[in-house]
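Trainee: Output the structure for:
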Amino acid sequence: MNSRSGSNLNSLLCSIFFFSFLITHLFFSNVLADSHFEGFDAEDDDAVEEETLDPNLLRSPPVTQSQSSSITPDAKSEISSDPEPREDPDLDTPLQPQSDLPKQTTTSFEYWDEDEFEGLPVQQPPVEALKVVENVTSDDPDVKTAQKPGKVAASKKSFTVEIVCGSFLIAFAINYFTGKRENENLALEWATKFATKDSIFEKNFSLLGVGEGDNSPLLLKEGQNVFKFYASGRRYCQGLLATMELKSRHDLISRLFNLVVPCRDEMSFEVYMNDDAMDQVVFALARKKLAKGMQKELRDLQRFASLMTPPSSKKWVAEELAVISESKEVASDLITEAVLEQVFGEKAFEKYGKDFISMHISDQLPGTHKKMLLFKFALPDANHMADMTRLVALVPYYIDLIGRYKLSSQARSKTDAARLKAAQEAHKELQSTRQEAVQKKKAEKKKVLEESEAKLSAEAIRKKEAKERARQLKKGMPKIKMTRAH
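Mentor: Model (predicted):
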């Protein structure tokens, strides 16, 4: 009895528990169903009624360049499949950057039910709108900043030629004035050292400069790198002309060329000797390489002189020098002991002869002045102008030496024979030149006559031939002399 009542009690409790669980489940399910529409209460309905739902507002936001890359191939095919995209009237107006576009108010759909709005048309943005939006987004400040370096590089590149040309012109102008001043300072330094009071030329010549009077300029400027100095008033010579040929420091291109091919400033002296003060002398002294070139190029050295071998019984010039002379007598007489000790000796030349180039003495030079002394030296810089003092002293020394020098009878006979032979050869050359000129003139005249005859008519040619025939017959007839009978 007790056991049966216990089992009934248990079944009752189970039934009560089951019904209570069922009721609780149904209650919570209704509550959850109502919670799906929490956003659509009375207040939200009023707001929705005030704002009319425009289908255009449900479009997806504009696609930017960063978002366009994430479009799937299916979406691209859907966009391209729309043959006639709808034109949006808002696109007719100029598009503003995203920062200027009005912000669209989006409705919060936290609890969106797809079945509630089933069948609502979904509109895709047209292709043209996508392109315009991409162009608008390219105006973004970040894109501009990314393009600025390229534009700056292009602008710099466009002015490269102008900048280079302007820089070259400025450098050329600066170099012109600085180089001009350097040459003028170098020439004035030489004149101050050798052509002013108590200098070598002031002691040996009575008139210095290019004009008359005490205030006459010492130097004559013929160019930016050419200066001349004139001196006269000395026995045995008519005068002296010194020419300074300096480097073209005022020319930027020449200056750059001199960096590759170095050259030196040079100065040459031309002494015009009196006709009665100079005997028959052909002599030259130069460095070996230059001496060979002088003998091949200069006509007087070709005809009258030859390279001399150094004598064994006498002191001679340094090994770097070569002597070209008409005879051994002239060479030994002109290379004196004083000259060897001062300049041309082995020891003296290493110290004082580094600026020596050549010396040429001749009475058979071409031109109006046949008897001349020619010296050529290299100019040192302005700070070492005193180094060429002994070289400049050679000029007055050889003027006096050549003015007093007389050949021996044996040497004179040889020089006379050589000059007579040279004169005969020169006369033959002159005759042959004249004959060639006459033959050339005849050939030209004959050619002109042939050309004129080719232009004549047949009748004119016949008359001319008849006239020429009559002239030849008349020329061939014997001449008859007629005398009167008394």
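
Trainee: For Thr72, give me the pLDDT.
Mentor: Note on Thr72: pLDDT of 46.

Trainee: Gln424 now?
Mentor: 89.

Trainee: Low-confidence ranges, this protein, go.
Mentor: By pLDDT under 70, the weakly predicted segments of the chain are 1-157, 213-214, 479-486.

Trainee: May I ask you to name the longest helix in it?
Mentor: helix 409-455 (DSSP state H).

Trainee: And the next helix or strand past it?
Mentor: Downstream of helix 409-455, the next assigned helix or strand under DSSP states H and E is helix 458-476.

Trainee: now what about that following helix, what contacts it?
Mentor: With contact meaning CB atoms under 8 Å, 6 or more residues apart in numbering, helix 458-476 is reached by Glu453, Leu456. C-beta here means a position set from N, CA and C on the backbone, and glycine is covered the same way.

Trainee: how big is the angle separating the longest helix of the chain from helix 458-476?
Mentor: With axes from the mean of the first three to the mean of the last three CA atoms, to 10 degrees applied, the angle from helix 409-455 to helix 458-476 works out at 130 degrees.

Trainee: Run through the neighbouring helices and strands of helix 409-455.
Mentor: Contacts defined by 3 or more CB pairs under 8 Å, 6 or more residues apart in numbering; DSSP states H and E place helix 409-455 against helix 299-304, helix 328-334.

Trainee: 10 Å - rerun?
Mentor: With contacts defined as 3 or more CB pairs under 10 Å, 6 or more residues apart in numbering; DSSP states H and E, the packing partners of helix 409-455 are strand 282-287, helix 299-304, helix 328-334, helix 458-476.

Trainee: Switch those over to TSV; also include mean neighbour count and distance to Val343.
Mentor: Formatted as TSV, the helices and strands packed on helix 409-455 follow (neighbours: other CB atoms under 10 Å; distance: least, CB to CB, whole Å):
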stretch	mean neighbour count	distance to Val343
strand 282-287	23	10
helix 299-304	18	22
helix 328-334	18	13
helix 458-476	10	76
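
Trainee: Quick one: closest of those to Gly403.
Mentor: Of all the helices and strands packed on helix 409-455, the one in closest proximity to Gly403, counting by CB to CB, is helix 328-334 (12.6 Å).

Trainee: which other residues reach the closest one?
Mentor: With CB atoms under 10 Å, 6 or more residues apart in numbering as the test, helix 328-334 has contacts from 279-285, 305, 308-311, 314, 316-317, 323-325, 327, 359, 361, 398, 401-402, 405-408, 410-411, 414-415.

Trainee: May I see the helices and strands packed on helix 409-455 arranged in CSV, with distance to Lys445 as well?
Mentor: Formatted as CSV, the helices and strands packed on helix 409-455 follow (distance: least, CB to CB, whole Å):
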stretch, distance to Lys445
strand 282-287, 43
helix 299-304, 34
helix 328-334, 51
helix 458-476, 17
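
Trainee: and Ser254, which of those is closest to it?
Mentor: Proximity to Ser254 (CB to CB) singles out strand 282-287 among the helices and strands packed on helix 409-455, at 24.9 Å.

Trainee: Sheet-wise, list the partners of that closest one with their directions.
Mentor: strand 321-325 (antiparallel), strand 356-362 (antiparallel) (DSSP bridges).

Trainee: Mean neighbour count and distance to Ala458 added to these, as a markdown table?
Mentor: Output for the strands paired with strand 282-287, formatted as a markdown table (neighbours: other CB under 10 Å; distance: least, CB to CB, whole Å):
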| stretch | mean neighbour count | distance to Ala458 |
| --- | --- | --- |
| strand 321-325 | 22 | 69 |
| strand 356-362 | 21 | 65 |
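
Trainee: Make JSON lines from the ones you listed and add distance to Ile461 to it.
Mentor: Putting the strands paired with strand 282-287 into JSON lines (distance: least, CB to CB, whole Å) gives the following:
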{"stretch": "strand 321-325", "distance to Ile461": "64"}
{"stretch": "strand 356-362", "distance to Ile461": "61"}
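
Trainee: out of those, nearest to Glu451?
Mentor: Nearest to Glu451 among these is strand 356-362; the distance by CB to CB comes to 49.3 Å.

Trainee: how about Gly403, what does it touch?
Mentor: Arg234, Arg235, Tyr236, Cys237, Met273, Asn274, Asp276, Ala277, Met278, Asp279.

Trainee: go on, Lys221?
Mentor: For Lys221, the contact set (CB under 10 Å, 6+ apart) comprises Asn183, Glu184, Ala187, Phe227, Lys228, Met244.

Trainee: same thing with Lys376?
Mentor: Lys376 makes contacts with 243, 245, 266-270, 286, 290, 356-360, 391, as judged by CB under 10 Å, 6+ apart.

Trainee: so Leu374 sits right up against Leu394, yeah?
Mentor: No - judged on CB atoms under 10 Å, Leu374 makes no contact with Leu394 at a distance of 11.8 Å.

Trainee: what sits in contact with each of these two?
Mentor: Contact criterion CB under 10 Å, 6+ apart; residues shared by Leu374 and Leu394: Phe269, Met359.

Trainee: of these two, who's got more company?
Mentor: The neighbour comparison of Leu374 against Leu394 (other CB atoms under 10 Å) goes to Leu394, with 20 against 15.

Trainee: between whatever helix or strand the more buried one lives in and strand 282-287, how many degrees?
Mentor: Using DSSP H and E, Leu394 sits within helix 389-404. Using the same axes, to 10 degrees, the inter-axis angle of helix 389-404 relative to strand 282-287 is 170 degrees.

Trainee: Which of the residues in helix 389-404 are classified as buried?
Mentor: Going by neighbour count (16 or more other CB atoms under 10 Å), the buried part of helix 389-404 is Arg390, Leu391, Val392, Leu394, Val395, Pro396, Tyr397, Tyr398, Ile399, Leu401, Ile402, Gly403.

Trainee: how about stretch 414-422 as CSV, C-alpha atoms only?
Mentor: Output of stretch 414-422 as CSV, limited to C-alpha atoms (Å, rounded to 0.1, in the frame of the first residue of the first chain):
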residue,chain,number,x,y,z
LYS,A,414,133.7,79.0,-99.1
THR,A,415,130.8,81.2,-98.1
ASP,A,416,131.1,83.2,-101.3
ALA,A,417,131.0,80.1,-103.5
ALA,A,418,128.0,78.7,-101.5
ARG,A,419,126.1,82.0,-102.0
LEU,A,420,127.0,82.2,-105.7
LYS,A,421,125.7,78.7,-106.2
ALA,A,422,122.6,79.5,-104.2
